[in-house]
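Student: sequence first, then the predicted structure:
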Amino acid sequence: MRARLIAVGERMPAWVAEGFAEYRKRLSHELPLELIELKPGVRGKGRDDARAIQDEGAAILAALPRDIHVVALDGRGKTWSSEDLAAQLAKWRMSGRDLAFLIGGPDGHAPDVLARADQTWSLGPLTLPHMLVRLVLAEQLYRATTLLAGHPYHRA
C-alpha cells in the first residue's frame, strides 16, 4: 500500500520540509508517502474566494487516481487518537487500496472534494497552519505504523 498527501500550497518553510522529509524517509518501507503540492486558487482584492475554493477542489480531484481511498483533513471530520489511526491503517491495509490524504487551501475543501472523500479526519479543535498539518500527518502515520509493528516509538 502506498499513500499520497495531496496538499494545496507550495514552498514549505525549511524546518517543515526537513521534518516532513525525515518522517517520509522513516515511512518509506511500511507506507511510502508521496507529496503532491497544488497551486492555491487566486485570492485577493476583486477576486472571488468561492472561485478559488472551486479551482482548488478541481485540482485536487484531478490529482486523485481512480481507485484510491480518500481521507480529507477537515475540521468537521472525525477525531482519532494515535491508536485509532493505527486501527484505521490496519483496516486500510486489509482493503488493498492505496490512500490519499487531502489538505485544502486556506478556506478549506470544496464541497465536491468532501463529497468524494471516503472519510474526513480532524486533527482536533486547534486551527493549525496548513504547512504544519503536513508534518503532523506524516508523524502520525509513522506513529501508526510503529504501533502496528510493536515498535517502542509510541509510549502511551
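Tutor: Right, received. Where do you want to start? Numbering: from 1, shown residues only.
Student: list the buried residues for the top helix by length along the chain?
Tutor: Counting residues, the longest helix in the chain under DSSP state H turns out to be helix 130-149. Across helix 130-149, burial judged by 16 or more other CB atoms under 10 Å covers 130-147. For every residue, glycine as well, the C-beta is placed using N, CA and C.
Student: same thing with stretch 63-72?
Tutor: Residues 64, 68, 69, 70, 71, 72 are the ones in stretch 63-72 that count as buried (16+ other CB under 10 Å).
Student: next step: these restricted to strands.
Tutor: Counting by DSSP state E, these place 68, 69, 70, 71, 72 in strands.
Student: take the residues you listed and write them to JSON lines, including pLDDT.
Tutor: Putting those into JSON lines (pLDDT from 0 to 100) gives the following:
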{"residue": "68", "pLDDT": "97"}
{"residue": "69", "pLDDT": "98"}
{"residue": "70", "pLDDT": "98"}
{"residue": "71", "pLDDT": "98"}
{"residue": "72", "pLDDT": "98"}
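Student: ranges for the strands of the protein?
Tutor: Along the chain, counting by DSSP E, strands occupy 3-8, 33-38, 68-79, 98-103, 119-122.
Student: as TSV, the ones you listed with distance to residue 45 would be great.
Tutor: As requested, the strands of the chain are exported to TSV (distance: least, CB to CB, whole Å):
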stretch	distance to residue 45
strand 3-8	20
strand 33-38	23
strand 68-79	27
strand 98-103	26
strand 119-122	32
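Student: right, and the ones you listed - which one's nearest residue 152?
Tutor: Checking these against residue 152 by CB to CB gives strand 33-38 as the closest, at 21.8 Å.
Student: how big is the angle separating the closest one from helix 130-149?
Tutor: Using axes from the mean of the first three to the mean of the last three CA atoms, to 10 degrees, the inter-axis angle of strand 33-38 relative to helix 130-149 is 160 degrees.
Student: buried residues of strand 33-38, list them for me.
Tutor: Using 16+ other CB under 10 Å as the burial criterion, the residues of strand 33-38 that qualify are 33, 35, 37, 38.
Student: cool, thanks, signing off.
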